[in-house]
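# Quick one, what's the 3D model for this:
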Amino acid sequence: MGFFYTGQDRTALLVIMKESLQQFLPVRRLTLPCPPYQSTQVVGYGFHHKGQLLLPGCLLMLTVGLLWKIAPSWSSTEKERLGEVISPTSAYFWLMSITLSGLMAVTFRVVFGWWYFIRYGLADVMFVWLASVIAGVLVYLALHWIELQRTPNEKDGPVVVLRKLGWQCEGLELDRYTIKDDASGECVFRIKKPREGANSIWVSPSIKIGLSGLDDDLAEQIRTEMRSDGKPSVLATLLKKAPKHASWNTRPIEGPKIQPRERLIEAGRDTIAQET
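Residues are numbered from 1 along each chain as shown. Here you go, the predicted model:
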C-alpha cells in the first residue's frame, strides 16, 4: 500500500502513519518523491503490534467454538465439557490461546523462516489469519472424530462398544446397576463415564461370548483377554475375527441405552464380557 506526498508536506505523512497504526493497518512501503521533482525513492517501514502474537491462537480457538456451537452431533456430555474450554470468558481459553500462539509462532519460524509478529504487512496478516482458521477447522474435525470413537450409540454392537471402551481408557471391569421395576434380575453396565451431577448414564447389557467352534488358539486368546484385567480394545480386535460369537444379553435391555440415573441402583462392579 503506497502513500504519496510532496517533500514539504511532512505533516500529512505523519497523519497518514498515525491513522494506519490506529487501524492496525501496517505501512510497509512508502513512495517518497524527492524534491525538487527528482526521481522517487522507496523507504520501507515495518510496524509490529503485540496483538499479532496472540492472534493465531485466538482465531483457532474461536473457530473451534463456532463449529462447536453449530454442530448438531455432539453428545450433551462432551459438548458441555468442550464448552468450558472454548468459552472466551474461561481461563482455559486464554491458556490454550497463548500456548497455541507460541507453538504456531515457532512453527512459522521453522517452516517459513520468519517471525510473523515482528515485521508484517497486510498480506502477512491475511496469511496468518487464514492459516489459523484452517488449523481451527482441522482441530475441530479431529476432536469430533475422537468423540465419535468414544461415545456409544444405540445401534452399536458388542465389538464396537468394546472398542469405544478402549478409547475411553476403560477396562472390562465396570460399574453395574440394576434397573428399578425390572424382574429379570440381570444387571446393566456403565459404558461411558458420566460427568459429575449428570442425570443420565449410558449403559448396556452384558456381552455374551461363545467360544465353541473357534480355533483353539483364538479361543484361548479371547478367554485370556476376557479377564478383569483384560483390555477392551484388544478383545475387540480378537472378536473381529469371530464377530458372530459375541452378542448382547437381551435382558434387562437389548442394547446400549441412556438411562435416567434415578432408575438405576448400584450393584458393584463386574466384567462386562462373559463366556457362555
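# For this structure, name the helix or strand with the lowest mean pLDDT.
The least trusted helix or strand in the chain, going by mean pLDDT, DSSP states H and E, turns out to be strand 40-44, with a mean of 39.
# residue ranges of the helices in the stretch 151-276 of the chain, please?
158-167, 216-225, 232-239 (DSSP state H, counting those that start in this stretch).
# Who are the packing partners of the first one?
What it means is helix 158-167. When contacts are defined as 3 or more CB pairs under 8 Å, 6 or more residues apart in numbering; DSSP states H and E, helix 158-167 sits against helix 122-150, strand 188-192, strand 207-209, helix 232-239, strand 246-248. The C-beta positions use only the backbone N, C-alpha and C, and glycine is treated the same way.
# Export that helix to CSV, keeping only CA atoms.
What follows is helix 158-167, C-alpha atoms only, in CSV (Å, rounded to 0.1, in the frame of the first residue of the first chain):
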residue,chain,number,x,y,z
PRO,A,158,-20.7,-55.6,21.3
VAL,A,159,-17.4,-55.3,19.4
VAL,A,160,-18.0,-51.6,18.7
VAL,A,161,-18.7,-50.9,22.4
LEU,A,162,-15.6,-52.7,23.4
ARG,A,163,-13.6,-50.6,21.0
LYS,A,164,-15.1,-47.4,22.4
LEU,A,165,-14.3,-48.5,26.0
GLY,A,166,-10.7,-48.8,24.9
TRP,A,167,-10.8,-45.2,23.5
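# what is the mean pLDDT for it?
Here helix 158-167 scores 96 as its mean pLDDT.
# now swap in the second one and tell me
Taken as a whole, helix 216-225 carries a mean pLDDT of 95.
# buried ones in it?
219, 221-222, 225 (16 or more other CB atoms under 10 Å).
# now the residues you listed in a markdown table, with distance to residue 195?
Below are the buried residues of helix 216-225 laid out as a markdown table (distance: CB to CB, whole Å):
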| residue | distance to residue 195 |
| --- | --- |
| 219 | 39 |
| 221 | 35 |
| 222 | 33 |
| 225 | 29 |
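# Return the closest of the residues you listed with respect to residue 163.
residue 225 (13.2 Å; CB to CB).
# Check which residues of stretch 106-116 are buried.
Buried-residue list, stretch 106-116, by 16+ other CB under 10 Å: 108, 116.
# do you know how far the residue nearest the centre of the chain is from residue 62?
Closest residue to the average C-alpha location of the chain: residue 143 at 2.6 Å, with CA atoms, centre = their mean. Shown here: residue 143 relative to residue 62, a distance of 15 Å by CB to CB, to the nearest Å.
# can you check residue 254 too?
Counting by CB to CB, the separation of residue 254 from residue 62 is 43 Å.
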